[in-house]
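Student: below: sequence and its predicted model.
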Amino acid sequence: MKVLWNEEIVDETEVQIDLEDRGYQFGDGLYEVIRIYDGQFFMEKEHLDRLWACADKIRLTLPFERAEFSHRLHRFAEEVGIKEGRLYFQVTRGVCKPRLHDFPDPKEVKAVLTADIQPASRPLVKQKNGIHCGFVADKRWLHCDIKSISLLGNIMALDEAKQKGFEDAVLERDGIVTEASASNLWMVKNQKLFTHPDGELVLPGITKIKLREIAQALNIELIEEPFTTTELLQADECFKTSSVAEIMPIVSIDHQKIGTGEVGTITNRLLKAYSEVIKMTVQENKSEI
């Protein structure tokens, strides 16, 4: 399999990560996942906006200019040739010896980029039927707005939910719903759409950006404010959003049906509109080539 390693496209067997890479030792790095539909990147600008914003938050000097980086990603995608997939890339702070907790001088350490592309189809069956989730205490750190490669808190929450027989975790802090294990979380009540506001407790999702636009276009009122686990269980509909899951209906939480226990009307409207946006974006991108 071909991968991107800094400036080069190489076979994955050629990649060598130093023992003292700060990503390996400290989880000191950032990542993004961009969906590829029909060979076209979806919402690339927003993903790169977030990468640069997160880099600023952790004082990480990215080893490339934005335009050059975009060109590098597209060149990589063209060589790999996967038409339906997801592009994963991460940037660590780089190799610093000896191992110290202090941030190294960025003039002395160069960040390390790695990326790969895996096939990925749209999760249409699950979107039609919905998934079943369970509440898990949100024990992650207090900088969830940073898309850090250190995801131990997230994967522990997901594992706890799966050990209980659920497909994903709905995270809560002191009774307030934050998000799912790797997705933003939404509910519908009385035809209104609710989600936790952006801030340090949730990741500013890329799909969330698009859903704001879609809700406005469909004249669906959107309220971005915290809501409780009790309010969520009394909701008419619930779903999660991410670049990989897109809009994923949640039909039960802790074995309790949400609404009728089936995918709701508002969720289906949003999902249909999101699918149309994907098609339109692909067509527009192709026309610009």
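Tutor: Done, it's in. Quick caveat: nothing in here was measured; it's all calculated off a predicted structure.

Student: Asp159 belongs to a helix?
Tutor: Yes: under DSSP: H, G, I helix; E, B strand; the rest coil, Asp159 falls within a helix.

Student: now the helix ranked longest in the chain: buried residues?
Tutor: If each helix of the chain is counted by residues according to DSSP state H, the longest one is helix 265-288. Across helix 265-288, burial judged by 16 or more other Cβ atoms under 10 Å covers 266-268, 270-271, 273-274, 277-278, 281-282, 285. All C-beta spots, glycine's among them, are computed from the backbone N, C-alpha and C.

Student: and those, which is closest to Thr114?
Tutor: Asn285 (25.2 Å; Cβ to Cβ).

Student: coming back round to it: just checking, what packs against the longest helix of the chain?
Tutor: Counting contacts by 3 or more Cβ pairs under 8 Å, 6 or more residues apart in numbering; DSSP states H and E, helix 265-288 is packed against strand 29-37, strand 40-41, helix 206-217, strand 237-242, strand 246-253.

Student: run through the bridge partners of the most centrally placed residue in the chain.
Tutor: The geometric centre of the chain, computed from its C-alpha atoms, lies nearest to Ser242 (Cα atoms, centre = their mean), at 4.9 Å. Listed by DSSP bridges, the beta-bridge partners for Ser242 are Glu246.

Student: if we can go back for a sec, can you add pLDDT and give the buried residues of helix 265-288 back as JSON lines?
Tutor: Formatted as JSON lines, the buried residues of helix 265-288 follow (pLDDT from 0 to 100):
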{"residue": "Ile266", "pLDDT": "98"}
{"residue": "Thr267", "pLDDT": "98"}
{"residue": "Asn268", "pLDDT": "98"}
{"residue": "Leu270", "pLDDT": "98"}
{"residue": "Leu271", "pLDDT": "98"}
{"residue": "Ala273", "pLDDT": "98"}
{"residue": "Tyr274", "pLDDT": "98"}
{"residue": "Val277", "pLDDT": "98"}
{"residue": "Ile278", "pLDDT": "97"}
{"residue": "Thr281", "pLDDT": "94"}
{"residue": "Val282", "pLDDT": "93"}
{"residue": "Asn285", "pLDDT": "87"}
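
Student: these: which two are farthest apart?
Tutor: Ile266 and Asn285 (28.5 Å).

Student: okay, now the nearest residue to Arg35 once chain neighbours are set aside: neighbour count?
Tutor: When the adjacent residues along the chain are set aside, Arg35 lies closest to Phe42, with 4.5 Å between them (Cβ to Cβ, 6 or more residues apart in numbering). Neighbour count of Phe42, defined by other Cβ atoms under 10 Å: 23.

Student: is it true that Phe42 touches Ser275?
Tutor: No: counting by Cβ atoms under 8 Å, Phe42 does not reach Ser275; the two are 11.8 Å apart.

Student: returning to that earlier point: out of the buried residues of helix 265-288, which is nearest to Asn6?
Tutor: Taking Cβ to Cβ as the measure, Asn285 is the one of the buried residues of helix 265-288 closest to Asn6, at 26.4 Å.

Student: circling back to that earlier point, how near is the residue nearest to Arg35 to Leu270?
Tutor: Per Cβ to Cβ, to the nearest Å, Phe42 is found 16 Å from Leu270.

Student: likewise Leu113?
Tutor: 34 Å.

Student: can you check Thr241 too?
Tutor: The gap separating Thr241 from Leu270 is 9 Å, by Cβ to Cβ.

Student: give me the common contacts of those two.
Tutor: Listed contacts common to Thr241 and Leu270 are 211, 247; contacts here mean Cβ atoms under 8 Å, 6 or more residues apart in numbering.

Student: as a quick check, tell me the outermost residue of the protein.
Tutor: Greatest distance from the centre of the chain, by Cα atoms, centre = their mean, belongs to Pro98 (33.0 Å).
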